[in-house]
Structures are given as structure tokens and as C-alpha cells.
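Q: Can you look at this prediction? I've put the sequence above it.
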Amino acid sequence: MGSRIAALLCAALLACAAASRGDAQDAYPTHPIRVVVPYPAGGLVDLVTRVITERMAQKLGQAFLVESRAGANGTIATAYVAHAEPDGYTLLMITDSHGVNPLFYRDLGYDSIKDFAPIGLIGKSPLALTVHVSVPARSVAELIALARADPGTITYGSIGVGSASHLAGELFKVRAGVDMVHVPYRGGAPAVNDLIAGHLKTMFLSPVSGLPQIKAGRVVALAIAALQRFPLMPEVPTMAEAGVPMEVGYWVGMAAPAATPPAVVAKLEAALAEVVADRDVVRRLTEMGVVMTPLTAKAFGDFIRADLKGWADFAAQATLKVN
């Protein structure tokens with residue numbers, strides 16, 4: 001009889017605990033949510049995050065606190081969130097670097113797929129192939145001709161090894177069949193400054209840093225590395241139109257630690273979906289150079305896996321320095 005009573009008490013306690021967890025998930029969120037950005041404040045990812053979280057706070061009735069943890073191409077912030085409490089109160093903004101960092105860094109301390117629960121993709125920001133005004137090329141074909149005529153003399157800059165600007169340059173070299181010299185920088189500002197000064201010949205620039213320089217006539221945009229023309233530069237052809245098909249740019253989405261309860265992830269996914277469909281949010285992000293390409297949590301997970309595989313396959317056939 002005693003053992004039977006003990007078993008019943010144990011079952012009751014387990015049922016109460018399960019009910020308590022269910023109630024907590026239904027009530028989520030009950031206090032502010034921290035969103036970790038893997039890049040410095042003031043950059044594109046940070047700006048997108050602040051627009052998105054401002055509206056998500058309104059939807060969910062709790063403050064969203066944006067925290068920058070920059071360094072090592074996003075791996076510091078990513079590792080931090082991977083090991084955070086999976087309760088829905090610590091989230092991560094993940095970007096294009098998420099799928100390529102395993103190629104360039106040893107011992108990340110996390111798995112880009114297994115350690116995260118995707119919430120949703122927000123949008124993409126395509127890169128523009130630009131040249132300094134002194135370069136005698138006003139089309140992709142002319143740039144290719146220059147590079148082939150004098151191999152190894154044209155420099156292209158990037159914001160760092162493994163960045164989208166680096167990978168775009170390497171992909172261009174392969175697709176165009178040219179030899180150019182990679183010059184990596186620590187961040188966008190010094191790279192753009194050297195491009196403006198003519199120390200670099202070419203670079204794939206983001207709209208945020210590139211558009212002001214293009215409009216000022218300091219650099220020339222030859223093509224957009226996207227499937228469609230970029231709304232903020234409609235006169236610039238796509239790389240496919242220029243004869244070198246390629247799609248490379250920044251993308252940004254939201255994720256949580258892998259063990260976050262499905263009900264919490266679903267609530268965040270629904271709120272994010274509403275926010276990215278908001279006309280004012282779309283307008284504000286479009287003005288920043290973001291092309292809205294929202295995806296559900298499942299579709300975003302598939303997107304991340306495909307992105308990681310695509311760059312791994314490319315690294316295997318190209319001369320990229322991987323770990």
C-alpha cells in the first residue's frame with residue numbers, strides 16, 4: 001500500500017510540474033527579453049534588430065533589450081547564446097556569417113545547426129560590386145578584361161576573412177576566371193576608406209556603406225549580386241545581367257537556444273511574422289537597404305542548412321583557407 005501511495009504522489013508531482021511548465025509557457029513572456037547582436041552597435045544588423053524588437057515588444061507586451069557582443073565574425077555572441085538558458089529570454093540575431101564560420105574557425109564551441117532553434121528570417125541585403133573611380137572599368141566585362149590582362153594586380157577589399165564581402169570576391173574570381181588579390185580589414189570603415197582613397201581597386205559593398213559613396217561619385221557600382229535589381233539602385237544591373245551570375249549578400253534572422261520550448265518558439269515566430277509584414281517596418285527596413293524575404297521557423301532552418309552546405313561545397317573547390 002505504501003509503495004502504491006508513493007507512486008501516486010510521484011505521478012501527481014510530475015503532473016503538477018508539467019502543468020506549471022505549461023502555464024509558464026502560456027504566460028510567456030513575463031519579463032524583458034534580451035536579444036544579442038553579434039556585431040557593433042550602429043551597423044546594419046543592430047539597426048534592423050532595433051526596428052524589429054521595438055514592434056515585437058508591442059506585440060508581446062514586454063521590453064526587448066538589445067545587447068551587442070561583437071567579435072570574431074559573430075562567433076562570440078553566437079557561442080554565448082548557444083549556452084544560454086533556453087527559456088526564451090535570450091535570443092540571437094543570426095546573419096550570413098552563421099553558415100560560414102565553421103569553415104574559418106576552429107573549436108567554435110557550438111554547432112551552427114544543432115544548438116539553435118530558428119525563429120524566422122527577416123530579410124537580405126545584397127552586395128554591390130564597386131570600383132574606385134580611377135579604375136578604367138564601367139562594367140563587369142571591362143573589369144574582367146582588366147584583371148585578365150594583368151593577373152594579380154587588382155586588389156579587392158573585405159571587412160574580414162569569412163565575411164560576405166570576402167566570399168563574394170572569391171566567388172567572383174571563380175565565376176569570372178580572374179586572379180585578384182584579397183585584402184582583409186577589421187571592419188567596414190577602414191576598408192571603405194581605403195577604397196575611397198584608391199588604395200583598393202574594387203570591393204563588394206553593402207548598401208549601407210556603399211550607397212552614400214556611390215551617390216557622391218567616389219566609387220562606381222558595376223553590378224548587384226542579387227537575383228533582381230536593387231530598389232535603391234534600380235539603374236545598376238544584376239551580376240547575372242552582367243554575365244557573371246551570383247547571389248551574395250547579408251541576411252539577418254532570429255534564433256533561440258536549441259532546447260527552448262516549442263510553444264515559446266512558436267509565440268516568437270508568430271510575433272516576428274506579424275512584425276515583418278507591417279507596412280511601416282517594411283518601409284523602414286527597405287530604406288536601410290534590406291530586401292524583405294521573411295521565412296517561417298522551419299523554412300529558415302532549411303535555409304540555414306542550405307547556406308552552410310553551399311559555402312562548404314564552394315570552399316572545397318575554391319582556394320579558400322579553411323580550418
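A: Sure thing, it's come through. Numbering: from 1, shown residues only.
Q: which residues does Leu232 contact?
A: Pro207, Leu211, Gly289 (CB atoms under 8 Å, 6 or more residues apart in numbering). (Glycine included, C-beta is placed from N, CA and C.)
Q: Tell me, how many residues neighbour Ala259?
A: Other residues near Ala259 come to 10 when the count uses other CB atoms under 10 Å.
Q: Also Ala255?
A: 27.
Q: go on, the one 10 residues further on?
A: A count of neighbours around Val265, defined by other CB under 10 Å, yields 20.
Q: Just list whatever residues bridge to Ala223.
A: Going by DSSP bridges, Ala223 is paired in beta bridges with Leu129.
Q: Give the full set of residues in contact with it.
A: Contacts of Ala223 (CB under 8 Å, 6+ apart): Ala128, Leu129, Val140, Val236, Pro237, Thr238, Met239, Glu241, Ala242, Val244.
Q: So the last one: helix, strand or coil?
A: What it means is Val244. Look at Val244: counting by DSSP: H, G, I helix; E, B strand; the rest coil, its state is coil.
Q: can you pull the pLDDT of it?
A: On the pLDDT scale, Val244 is placed at 97.
Q: so can I have a markdown table of the contacts of Leu232 showing distance to Arg229?
A: Converted to a markdown table, these look like this (distance: CB to CB, whole Å):
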| residue | distance to Arg229 |
| --- | --- |
| Pro207 | 13 |
| Leu211 | 14 |
| Gly289 | 13 |
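Q: from the contacts of Ala223, which would you call buried?
A: Neighbour counting over these (16 or more other CB atoms under 10 Å) leaves Ala128, Leu129, Val140, Val236, Pro237, Thr238, Met239, Ala242, Val244 as the buried ones.
Q: Tell me where this protein has helices.
A: Taking DSSP state H as the criterion, the chain carries its helices at 2-27, 44-60, 75-82, 97-104, 140-149, 164-176, 188-197, 207-215, 262-276, 279-287, 297-317.
Q: Is it possible to get CSV of those helices that adds mean pLDDT and distance to His182?
A: CSV is the format used below for those (pLDDT from 0 to 100; distance: least, CB to CB, whole Å):
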stretch, mean pLDDT, distance to His182
helix 2-27, 54, 48
helix 44-60, 96, 22
helix 75-82, 96, 20
helix 97-104, 90, 13
helix 140-149, 98, 13
helix 164-176, 95, 6
helix 188-197, 91, 11
helix 207-215, 85, 18
helix 262-276, 98, 34
helix 279-287, 96, 30
helix 297-317, 93, 14
